[in-house]
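Trainee: Here is my input; please provide its structure:
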Amino acid sequence: QEQLVESGGGLVEPGGSLRLSCVVSGFTLKSHSTGWFRQAPGKEREGVASIGKGRTFYAESVMGRFTISRDNAKNTIYLQMDRLEPEDSAIYFCATDRGQAVYTDDLYLRAWVYSFWGQGTQVTVSS
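Mentor: Alright, predicted model coming up:
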């Protein structure tokens with residue numbers, strides 16, 4: 001059974017860093033597109049970063065501050081978050097698609113592309 005489990009969230013001061021991890025079980029990541037999304041209270045879920053067709057994709061709001069990566073051998077997805085801002089506070093979710101699919105670039109940060117989701121980890125940026 002497919003399962004994604006995030007960890008690494010917490011409370012951090014503005015300007016600080018966090019590294020989120022997402023361990024995937026039930027299938028291998030190699031042929032899957034993977035992404036990180038976030039949802040703040042009262043807001044829609046938004047795509048933050050993704051990996052697909054050998055490339056990375058980022059939301060403009062996090063470009064240059066966040067880095068997505070993955071270790072296929074460990075079946076784990078990472079999100080390194082630097083220079084965090086209060087506006088980055090949200091629940092962060094990792095997600096994967098069903099695999100073997102290629103999309104146009106604009107779709108890699110769309111939630112509907114992804115079929116499997118983790119339960120989320122809270123990130124709070126506050127002094």
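
Trainee: so D97 makes contact with F27?
Mentor: No. Here D97 does not reach F27: they are 10.9 Å apart, not a contact under Cβ atoms under 8 Å. For glycine as for every other residue, the C-beta is placed from the backbone atoms N, C-alpha and C.

Trainee: Quick check on these two: which one has the bigger neighbour count.
Mentor: Using other Cβ atoms under 10 Å, the more surrounded residue of D97 and F27 is D97, with 20 against 16.

Trainee: What residue, apart from its backbone neighbours, is nearest the more buried one spatially?
Mentor: In space, and not counting its chain neighbours, D97 is closest to S33: 4.7 Å by Cβ to Cβ, 6 or more residues apart in numbering.

Trainee: do C22 as well
Mentor: C94 (3.4 Å).

Trainee: What distance do you get for that neighbour to K74?
Mentor: Noted for C94: a distance of 14 Å to K74, by Cβ to Cβ, to the nearest Å.
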